[in-house]
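Peer 1: The following block contains a protein sequence and its predicted model.
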Amino acid sequence: MPREYKLRLGDGTVMAVDEPGLRTWVVDSRAMVQAAGSQQWRPLQEVLAEAAASRPRSKGQKLDDGIPVIRLKPIDGEPSSHGAARGPAHDEGGSARTVRSKGPLGAVSAWVARLTGRPGASPSAPPGSEPSSLRLAPAEEESEIEDLYEGETEEGVFGVVWLWVKRLVLIAGFAVAAVVAVNTWRTWLPVVTQVGLVIFTKVDEYVHPDRARAPRADDERQRQMQEALQQASGQLPHLSRETIQLVMSRNVWSVPDPSEVFSRGYAAAKRGTPALAPGEAEELRTLEASLLAGLRPAERQRIRDYDRARRERATLPGEDREMLGLFARGARALPAHSRERLQALYGKAIAAGLASGGA
């Protein structure tokens with residue numbers, strides 16, 4: 001019965017075949033063969049050569065090395081190799097002459113010799129000989145291929161490690177930025193909101209210049225300013241109408257609401273109080289103490305906390321509205337002449353604070 005072999009192709013596929021099956025895969029230069037009962041893998045061409053050498057052959061039979069023969073088609077109009085090898089020809093006088101190999105036939109034979117790797121082959125072949133065959137290039141050494149793949153594997157591992165290191169660093173950076181943003185949102189959110197409003201207003205003016213230059217735009221803004229001024233005057237009794245109008249005029253992008261007017265005026269008063277005369281600064285502090293005296297202790301503590309928070313961060317609109325209500329209730333509890341004097345001193349301090357470069 002035929003001898004069985006285990007065949008491993010270049011792509012890693014393993015199959016069981018016999019000797020004719022081995023010849024089918026001779027074109028795979030990386031194929032390896034393991035004979036039945038053996039644990040050693042050997043190149044396919046080497047096994048085929050040994051199998052061909054071990055078979056008995058008749059005298060004059062060529063050794064079959066397992067390489068398939070590719071027959072060449074004769075060029076149109078030229079005699080075949082069998083016709084060129086008929087031997088001597090005779091002329092009309094009966095004398096024999098030798099058929100020379102020069103000319104187109106010689107060129108074809110030389111081309112075949114170059115293809116088959118046999119530069120010394122004769123252009124004519126004896127009768128009964130096999131056509132020329134194309135030999136495949138010898139397979140590369142298995143060890144060299146294995147070394148090449150091992151080097152690529154090492155480089156691939158380092159590349160994957162470096163890629164994941166960069167990804168982890170990037171993810172950690174985003175995580176740190178998110179934690180910082182969450183912990184400091186009270187500081188940056190009001191600023192970002194105000195800057196966003198300014199940017200969107202500018203973009204709207206650029207995209208719709210006709211709308212921005214409308215004849216009634218100034219009239220509409222003046223109307224809104226008067227309405228906001230009237231509303232703020234009723235909610236901010238510790239500030240005069242002129243002081244409120246001065247604070248509102250510093251905002252050129254939008255009409256501020258009462259809580260925003262309170263926040264801006266409070267900050268300007270803190271900056272401008274040192275610019276007052278010593279007697280006026282002392283009188284303002286006395287009036288502020290009287291304003292706070294009309295509130296409950298917990299409310300006075302909320303105002304102190306608000307003042308401390310303003311030194312550390314930007315306050316939120318909700319906090320400004322709460323303080324506005326407390327100041328309004330305390331100011332309304334003051335006598336009329338004290339409230340008027342408080343408005344006058346606050347007006348001077350706020351004007352000085354705004355003149356010093358504050359918003």
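Peer 2: Great, that's in hand.

Peer 1: Next, the nearest residue to residue 181 once chain neighbours are set aside: secondary structure please.
Peer 2: With sequence-adjacent residues excluded and distances taken as CB to CB, 6 or more residues apart in numbering, residue 181 is closest to residue 188, at 7.5 Å. C-beta here means a position set from N, CA and C on the backbone, and glycine is covered the same way. What DSSP: H, G, I helix; E, B strand; the rest coil gives for residue 188 is helix.

Peer 1: Residue 188: how many residues sit nearby?
Peer 2: Look at residue 188: counted by other CB atoms under 10 Å, it has 14 neighbours.

Peer 1: residues in contact with residue 232?
Peer 2: Listed by CB atoms under 8 Å, 6 or more residues apart in numbering, the contact set of residue 232 reads 244, 248, 257-258, 261.

Peer 1: Equivalent analysis for residue 28, please.
Peer 2: 9-10, 44.

Peer 1: Looking at the contacts of residue 232, which are in helices?
Peer 2: 244, 248, 258, 261 (DSSP state H).

Peer 1: Go through those residues and name the one nearest residue 200.
Peer 2: residue 248 (20.5 Å; CB to CB).

Peer 1: From residue 189, how far off is the closest one?
Peer 2: In this view, residue 248 and residue 189 are 23 Å apart by CB to CB, to the nearest Å.

Peer 1: Show me which of the contacts of residue 28 are buried.
Peer 2: residue 44 (16 or more other CB atoms under 10 Å).

Peer 1: Which single one of the contacts of residue 28 is nearest to residue 347?
Peer 2: residue 10 (93.3 Å).

Peer 1: ok, that closest one touching residue 25?
Peer 2: No: assessed by CB atoms under 8 Å, residue 10 is found out of contact with residue 25, at 9.3 Å.

Peer 1: follow-up on the earlier one: can you list the contacts of residue 232 in a markdown table and add distance to residue 335, neighbour count and pLDDT?
Peer 2: Conversion of the contacts of residue 232 to a markdown table gives the following (distance: CB to CB, whole Å; neighbours: other CB atoms under 10 Å; pLDDT from 0 to 100):
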| residue | distance to residue 335 | neighbour count | pLDDT |
| --- | --- | --- | --- |
| 244 | 21 | 26 | 90 |
| 248 | 28 | 19 | 85 |
| 257 | 29 | 17 | 87 |
| 258 | 24 | 20 | 89 |
| 261 | 24 | 27 | 91 |
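
Peer 1: Low-confidence stretches in the stretch 51-200 of the chain?
Peer 2: 56-155 (pLDDT under 70).

Peer 1: what do you get for the stretch 251-359 of the chain?
Peer 2: By pLDDT under 70, the low-scoring segments of the stretch 251-359 of the chain are 252, 357-359.

Peer 1: residue boundaries of the helices in it?
Peer 2: Under the criterion DSSP state H, counting those that start in this stretch, helices of the stretch 251-359 of the chain are mapped to 258-272, 278-293, 297-312, 317-332, 336-355.

Peer 1: So which elements touch the fourth one?
Peer 2: When contacts are defined as 3 or more CB pairs under 8 Å, 6 or more residues apart in numbering; DSSP states H and E, helix 317-332 packs onto helix 258-272, helix 278-293, helix 297-312, helix 336-355.

Peer 1: what's the closest of these to residue 196?
Peer 2: From those, taking CB to CB, the stretch that ends up closest is helix 258-272, at 15.4 Å.

Peer 1: Taking helix 336-355 as reference, get the angle to that closest one.
Peer 2: Per axes from the mean of the first three to the mean of the last three CA atoms, to 10 degrees, the angle that helix 258-272 makes with helix 336-355 is 80 degrees.

Peer 1: about what we covered before: of the helices of the stretch 251-359 of the chain, flag the one that's most buried.
Peer 2: For these, the largest average neighbour count (mean count of other CB atoms under 10 Å) is found in helix 258-272, namely a mean of 22.

Peer 1: Could I get the CA-only coordinates of that helix as CSV?
Peer 2: Once non-C-alpha atoms are left out, helix 258-272 reads as follows in CSV (Å, rounded to 0.1, in the frame of the first residue of the first chain):
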residue,chain,number,x,y,z
PRO,A,258,-31.3,93.1,39.3
SER,A,259,-29.2,90.3,40.7
GLU,A,260,-26.4,91.0,38.3
VAL,A,261,-26.6,94.8,39.1
PHE,A,262,-26.3,93.9,42.8
SER,A,263,-23.3,91.7,42.2
ARG,A,264,-21.4,94.3,40.1
GLY,A,265,-22.3,97.1,42.5
TYR,A,266,-21.2,95.0,45.6
ALA,A,267,-17.8,94.3,44.0
ALA,A,268,-17.3,97.9,42.9
ALA,A,269,-18.2,99.2,46.4
LYS,A,270,-15.6,96.9,48.0
ARG,A,271,-13.0,98.2,45.6
GLY,A,272,-13.9,101.9,45.9
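
Peer 1: So what touches it?
Peer 2: Contacts of helix 258-272 (CB under 8 Å, 6+ apart): 228, 231-232, 235-236, 239, 243-244, 247-248, 250-251, 256, 310, 315, 317, 320-321, 323-324, 327, 346, 348-356, 358-359.

Peer 1: change it to 6 Å
Peer 2: Outside helix 258-272, the residues that touch it by CB atoms under 6 Å, 6 or more residues apart in numbering are 231-232, 235, 239, 244, 247, 317, 320-321, 324, 346, 349-350, 352-354, 356, 358.
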